[in-house]
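In: only geometry, no sequence info:
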């Protein structure tokens, strides 16, 4: 599964590197250095966390990404956008949302996130739309021939 995630991230232009991380990190086996996702497979507890952290990087400009180190998710609004982005990415690469939204994450709210997305209640989509990355259902319908979220117009902010 990690291989599938890494291929996708490479295809959309997000940089990753498999490394040995000697020190504890915010998420086991994952760190960010100058906008590159560093992944230590031996310490990685949940492969879906890689996709979620990639979402944090994807919603930043290229300049902001290059300056990002360690914790990419301090802003609550961008956290919601990264949740939406990672859900769309999971659907796109055919990974079960429960891989990203696992019971150990999201302060016990992972199942609620999965349930809401399954019912079409998408948190974070207004921010993705503001960033020009996706459209809500109403806006997509108005624009004709454009698919709504979880379809993405682009995976990475320019």
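Out: Now that the structure is in, tell me what you want to look at. What you see is a predicted model, and the numbers here were worked out from it, not measured in a lab.
In: nearest residue to the middle of the chain?
Out: Centrality entry for the chain: nearest residue to the mean C-alpha point is residue 55, 2.5 Å, by CA atoms, centre = their mean.
In: got a list of what it touches?
Out: Residue 55 is in contact with 81, 82, 83, 84, 85, 86, 89, counting by CB atoms under 8 Å, 6 or more residues apart in numbering. In this view, the C-beta of every residue, glycine as well, is placed from N, C-alpha and C.
In: would you reformat these as a markdown table and include distance to residue 75, pLDDT and neighbour count?
Out: Putting the contacts of residue 55 into a markdown table (distance: CB to CB, whole Å; pLDDT from 0 to 100; neighbours: other CB atoms under 10 Å) gives the following:
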| residue | distance to residue 75 | pLDDT | neighbour count |
| --- | --- | --- | --- |
| 81 | 9 | 95 | 26 |
| 82 | 9 | 95 | 26 |
| 83 | 12 | 95 | 26 |
| 84 | 14 | 96 | 27 |
| 85 | 14 | 97 | 31 |
| 86 | 15 | 97 | 27 |
| 89 | 19 | 97 | 24 |
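In: how far does stretch 86-100 stretch from start to finish?
Out: 7 Å (CA to CA, to the nearest Å).
In: over to stretch 126-139?
Out: Stretch 126-139 end-to-end distance (CA to CA) = 11 Å.
In: then stretch 8-16?
Out: Start and end residues of stretch 8-16 are separated by 11 Å (CA to CA).
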